[in-house]
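S.K.: Show me the folded form of this:
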Amino acid sequence: MTVNLSALAGAGQQFLDNNGNVLTGGKLWSYQAGTTTPQTTYTTAAGNVAHTNPIILDAAGRVATGEIWLTAGENYKFVLMTSTDVTLATWDNITGINGTGITSNAESVVYDPPFTGAVPTNVEEKLAQYISAADFGAVGDGVVDNATAINAAATAVSALGGGVVTLGAGTFIVGATIQMPDNVVLQGAGQLATIIKLKNATNANIIQKKAGAVGLGAGLFDLTIDGNDASNTSGGIYWAGASTGRGPSFTFERVTVTKCAPIASPPSGEIAAILTTGSTWGVARDLDVNQNQDAVGWWHKGSDWQIDNLYLGPNGADYNSGAGTHSMIIQGGAGNLFNSCYFGGNGGLSQVFLWGSQRNLFVNCINDNSWEQAYRFDALAGTGANNNRFLGGQIRGASGKTNLGFPAVLVIDSTGNVFSDVEWSGNAHTSSGNVADYGFEETGTSTGNYIVGGNVAAPFGTGFVSLASGSTTFVTAVFGYDISSVGTLNARTKVQVYANYDDSVPSVSSVPLGRFNQGTATSVWVGAKGYSYGWLQAIQDDGTGNLKPLYLQPLGGSVVLPTAGNGLTVTSPDGLITKTISINNSGNIVAV
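M.R.: This next block holds a predicted model:
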């Protein structure tokens with residue numbers, strides 16, 4: 001047995017009482033550290049002869065054998081008493097002295113929290129409350145492969161029931177996939193301070209669910225995922241979330257995902273830097289997805305995610321030229337909330353593709369600089385991208401190439417989508433005059449969509465809307481440069497237009513402030529120069545020739561309701577302009 005000389009009274013110490021008198025016959029008790037359980041001490045370095053417990057001090061107040069030896073690796077508590085058992089002193093966590101000094105470890109050091117009601121523990125247990133990848137050898141020097149260390153840290157945290165693996169500042173190279181257990185998150189030191197970067201020629205996903213995990217409670221916080229796509233043909237993040245259970249499935253918070261090639265071995269051929277699946281809700285806050293090579297930035301096949309402050313920057317082949325990819329695909333699923341998000345990359349196809357996904361809500365989102373559509377709606381397995389809502393924000397048309405002729409919003413075989421108080425823009429900001437063909441275009445069986453409020457901030461190439469045949473889509477109270485920028489409309493339309501104020505006296509020959517364009521039909525005047533604004537509402541008749549109200553406001557002009565089969569007479573406030581308008585049974589506006 002190995003023993004070491006005691007750090008207390010190990011060799012020849014003389015003990016005195018509190019008055020400085022020699023402690024003749026004093027008693028020195030030995031216990032296990034922090035307890036009252038007796039623990040043996042020894043008389044020599046051989047460790048084969050035990051002291052009595054207590055040790056009785058001689059007439060000189062010393063240990064009669066001259067030395068006290070302790071079992072190596074054990075911690076002791078000593079209690080000094082008089083011969084009449086009056087306690088004079090206690091020493092705890094005493095160890096032996098070896099050739100290199102005192103041996104100890106964090107388990108033997110007491111941590112006594114300075115809080116009322118707190119329970120003492122030891123330093124080892126206290127430190128274990130915070131697990132760092134550095135505990136397992138991770139080094140953020142941009143050279144060392146840290147995949148094994150980070151995975152070991154995640155496994156250790158999982159064994160404790162879940163928690164946080166911390167990563168300090170630096171670039172942590174990984175030469176294999178980080179396998180995320182349930183309820184374990186990676187916490188960096190800052191979104192741009194901590195970087196997990198894929199090692200050259202690894203060609204594997206950087207983050208994915210660990211085999212056997214359900215897919216709940218994992219996440220990334222305050223770090224950057226760098227796919228190093230210049231030296232890898234695959235990479236990225238693939239999270240197969242749980243189909244049931246209490247979420248969140250996954251959380252992104254203050255995370256950048258950049259330079260990722262498409263994920264390795266996608267389940268259904270998804271070419272994406274991020275692929276999320278599963279019906280359990282998830283969270284993304286301050287997520288920056290940009291400059292991901294040859295891939296959709298984020299392919300989302302989940303439901304009920306809350307997504308705040310998403311920045312979806314340039315993604316696709318050299319990031320700016322596009323390569324037939326969408327910046328984001330929302331496939332199937334339903335009920336995702338996008339709040340204050342920016343979709344601003346040139347994806348090669350549409351910026352955001354809603355593919356059979358329903359009941360998503362976009363609040364104050366900006367969709368800018370798309371190569372084709374800002375938003376594309378299409379059916380999946382016969383189910384349209386239906387009943388999505390867009391409240392506020394901006395939608396700008398295609399701007400990637402000269403005269404692309406793509407609509408800002410293309411709706412295919414989908415219904416019930418609502419755009420409310422959105423600013424629309426043809427985005428004609430380049431010298432070549434790039435503009436979208438339409439602001440809003442329907443095809444196929446699309447019907448029953450709504451554009452309510454908002455304004456046209458810049459004209460579209462052909463016009464604002466183009467509706468599918470037989471569509472009941474309703475456009476109401478959209479402000480624009482001139483009603484001519486709104487284009488062909490059906491009768492279920494209320495449009496408001498603004499123009500520069502002109503104080504000249506109106507006359508019959510005045511230029512109309514705005515007009516409805518109905519193919520070759522005569523334009524209908526809404527107002528005349530000399531008035532700052534006006535609006536017109538026309539609603540299809542009931543099939544018997546009886547017109548519902550048609551309004552001219554707030555110019556103050558008169559509106560004369562027609563008799564059956566006759567037109568509606570609208571007169572401007574000055575009485576100089578009078579038009580009679582009827583609506584035929586096909587729903588077309590006709591000037592009489």
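
S.K.: Need the contact partners of stretch 386-396.
M.R.: If you take C-beta atoms under 8 Å, 6 or more residues apart in numbering as the criterion, stretch 386-396 is touched by 354, 357-370, 374-375, 377, 408-409, 414-427, 439, 457. In short, each C-beta sits where N, CA and C put it, glycine included.

S.K.: same question, stretch 88-107
M.R.: 3-8, 10, 17-18, 23, 26, 33-34, 69-82, 108-110, 122-125, 127.

S.K.: Cross-reference these with the helices and report the matches.
M.R.: Judged by DSSP state H, the subset of the contacts of stretch 88-107 located in helices is 123, 124, 125, 127.

S.K.: Closest to residue 221 out of these?
M.R.: residue 127 (20.9 Å; C-beta to C-beta).

S.K.: OK, contacts around the closest one?
M.R.: Residues near residue 127 by C-beta under 8 Å, 6+ apart: residue 106.

S.K.: Same question for residue 68.
M.R.: Contacts here follow C-beta under 8 Å, 6+ apart; on that basis residue 68 touches 5, 6, 8, 9, 10, 41, 42, 43, 51, 55.

S.K.: Then residue 283?
M.R.: Residue 283 sits next to 219, 248, 250, 251, 252, 253, 305, 306, 307 when contact means C-beta under 8 Å, 6+ apart.

S.K.: of those, closest to residue 189?
M.R.: Nearest to residue 189 among the contacts of residue 283: residue 253, at 13.7 Å, using C-beta to C-beta.

S.K.: for the record, mean pLDDT for the strand or helix carrying that closest one?
M.R.: Residue 253 is located in strand 250-258, with elements delineated by DSSP states H and E. For strand 250-258, mean pLDDT is 97.

S.K.: again with stretch 223-242
M.R.: Rounded mean pLDDT across stretch 223-242 is 94.

S.K.: Now do the residue most central in space within the chain against residue 251, distance only.
M.R.: Residue closest to the average C-alpha location in the chain (C-alpha atoms, centre = their mean): residue 284, at 1.8 Å. Going from residue 284 to residue 251 by C-beta to C-beta, to the nearest Å gives 8 Å.

S.K.: With residue 313 instead?
M.R.: In terms of C-beta to C-beta, residue 313 sits 21 Å off from residue 251.

S.K.: Over to residue 413?
M.R.: Using C-beta to C-beta, we find residue 413 at a distance of 34 Å from residue 251.

S.K.: what about the longest helix in the chain?
M.R.: Longest helix in the chain, counting residues (DSSP H): helix 147-159.

S.K.: Name the residues of it that are buried.
M.R.: Neighbour counts over helix 147-159 (16 or more other C-beta atoms under 10 Å) mark 147, 149, 150, 151, 152, 153, 154, 156, 157, 158 as buried.

S.K.: moving C-terminal of that helix, what's the next helix or strand?
M.R.: strand 163-166.

S.K.: thinking again about what came up before, just list what the strand holding residue 253 packs against, helices and strands only.
M.R.: strand 218-226, strand 272-278, strand 283-290 (3 or more C-beta pairs under 8 Å, 6 or more residues apart in numbering; DSSP states H and E).

S.K.: from the ones you listed, which stretch is densest packed?
M.R.: strand 272-278 (a mean of 26; mean count of other C-beta atoms under 10 Å).

S.K.: Quick check, pLDDT for residue 482.
M.R.: The model's pLDDT for residue 482 equals 40.

S.K.: hey, what's residue 311 bridged with?
M.R.: Bridge pairing for residue 311 (DSSP bridges) gives the partners residue 288, residue 342.

S.K.: Listing request: residues of the stretch 251-400 of the chain with sub-threshold pLDDT.
M.R.: Scanning the stretch 251-400 of the chain for pLDDT under 70 picks out the ranges 316-324, 345-348, 369-371, 398-400.

S.K.: typed the wrong thing, it's the stretch 51-200 of the chain
M.R.: 99-104.

S.K.: Repeat the analysis, applying 80 as the threshold.
M.R.: 97-108, 123, 127-129 (pLDDT under 80).
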